[in-house]
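K.L.:
I'll drop the sequence and a predicted model, then ask my questions.
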Amino acid sequence: MKGERMIILRGLLPVFVSFIIYKRGKRARAADIVKDLQCLYGKPIPKSLVFTTLKRLIRYGVVEKETDGNRTFYILNEDGEVFLIRHIEILKNLNVVIQKVIKEMENNG
């Protein structure tokens, strides 16, 4: 199936991008976000996917865009921190389910 490797990643990108901005002091350039995402994922990530995610986070009201001369920064605001914390809790709970599914598939495979 075309693009199936990116399905789960696309759903998690808002959380990962928020995390990267948070980790960088709540302020990051798009190029740094792309680089950190690629390190986190271990594979190239299309820049267009990252920019689409950043636009979505701005629409959600959790990230703000700031231009400083020729450089653009993305800033995680207070709502963004809440968004990140809530989603980390969801990921913790999902991790338990994911591990069960993986174990079951390995035992029946």
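P.N.:
That came in fine, so what should we check first?

K.L.:
How about residue 23, nearest residue that isn't a chain neighbour?
P.N.:
Spatial nearest neighbour of residue 23, chain neighbours left out: residue 36 (7.5 Å); criterion: C-beta to C-beta, 6 or more residues apart in numbering. In this view, the C-beta of every residue, glycine as well, is placed from N, C-alpha and C.

K.L.:
what's whatever helix or strand that neighbour lives in in contact with?
P.N.:
Residue 36 belongs to helix 30-41 when assigned by DSSP states H and E. With contacts defined as C-beta atoms under 8 Å, 6 or more residues apart in numbering, helix 30-41 is touched by 9, 13, 16-17, 20-21, 23-24, 28, 44-45, 47, 50-51, 54, 72, 74.

K.L.:
Go through those residues and flag which are in helices.
P.N.:
9, 13, 16, 17, 20, 21, 23, 47, 50, 51, 54 (DSSP state H).

K.L.:
Make a PyMOL selection of the buried ones in the contacts of helix 30-41.
P.N.:
The buried residues among the contacts of helix 30-41 can be selected in PyMOL (16 or more other C-beta atoms under 10 Å) with this line:
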select buried, resi 13+16+17+20+21+24+28+45+50+54+74
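
K.L.:
re the thing from before, and the residue nearest to residue 23, how many residues sit next to it?
P.N.:
19 (other C-beta atoms under 10 Å).

K.L.:
what's the spacing between it and residue 56?
P.N.:
Look at residue 36 and residue 56: by C-beta to C-beta, to the nearest Å, they are 18 Å apart.

K.L.:
All good on my end, thank you.
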